[in-house]
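Asker: Generate coordinates for the sequence data below:
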Amino acid sequence: MPRLKIEEIERIRKGEITLAQVVKMSPKQVAALLITGHRLYQQGKLKDATNIFEGIALLAGSTAYAHGILGTICQKQNKHELAVKHYTEALQLFPQDINSLTNRGEIYIRLGKFPEAAADLAKAIQLDPSKKHPAANRARLLVCLVQDAVQLAKEKGTQALDQERLKARKAS
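Answerer: Below you'll find the model as predicted:
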């Protein structure tokens, strides 16, 4: 890798250029890395996929997809806070990312951050008026499940929620 000049580092820091541009990496090369990383992810090779997507995030920092996939990998590994960080980064780059909204909303539910979860899930649903996007449909389901849980807690108390959670775990 070529030695970076101070001016280049400053321009990268300001977001004026990417590291990929400095090292003269073409968009096709970045796309090839994205495809390779996605294949590794699909094959369950999460460590290798993480390495590639972290590299892409460094090389081409404005790649929302890389941050979204990193969030998904962290979510699968129960690294919820790190997953939220990646989903948030993806959403800063591409606010209409239904997958990141739904996934972050799901994590917020797990963390008990219901107002944040409601905002993310509502936005994911709003972005899919045709009701065709799988992640938006999952958001709709999550909203229904949370509403059912709240109703059950109102009617029978929080102990009923714990009993239902135990039943669900035994069934799966």
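Asker: which residues touch stretch 127-135?
Answerer: Contact partners of stretch 127-135, identified using CB atoms under 8 Å, 6 or more residues apart in numbering, comprise 96, 98-99, 101-103, 124, 136-137, 140. The way it works is simple: take the backbone N, C-alpha and C, and place the C-beta from them, glycine included.
Asker: Same question for it: list its buried residues.
Answerer: 127-128, 133, 135 (16 or more other CB atoms under 10 Å).
Asker: List the buried residues of the longest helix anywhere in the chain.
Answerer: The single longest helix within the chain, with elements called by DSSP state H, is helix 134-156. Across helix 134-156, burial judged by 16+ other CB under 10 Å covers 135-140, 142-143, 146, 149.
Asker: try stretch 70-82
Answerer: Buried-residue list, stretch 70-82, by 16+ other CB under 10 Å: 70-75, 80.
Asker: got it, and stretch 115-130?
Answerer: Judged by neighbour count (16+ other CB under 10 Å), stretch 115-130 contains these buried residues: 116-118, 120-121, 123-125, 127-128.
Asker: Alpha carbons of it, as CSV, please.
Answerer: Backbone C-alpha positions of stretch 115-130 (Å, rounded to 0.1, in the frame of the first residue of the first chain) are rendered in CSV as follows:
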residue,chain,number,x,y,z
PRO,A,115,-39.6,4.0,22.0
GLU,A,116,-36.5,3.6,19.8
ALA,A,117,-37.8,0.2,18.6
ALA,A,118,-41.2,1.7,17.7
ALA,A,119,-39.6,4.5,15.7
ASP,A,120,-37.4,2.2,13.7
LEU,A,121,-40.2,-0.4,13.0
ALA,A,122,-42.7,2.3,12.1
LYS,A,123,-40.3,3.9,9.6
ALA,A,124,-39.5,0.5,8.1
ILE,A,125,-43.2,-0.2,7.6
GLN,A,126,-43.8,3.3,6.2
LEU,A,127,-41.1,2.8,3.6
ASP,A,128,-42.9,-0.3,2.3
PRO,A,129,-46.5,0.7,1.5
SER,A,130,-46.9,-2.2,-1.0
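Asker: and it, average pLDDT?
Answerer: Across stretch 115-130, pLDDT averages out at 96.
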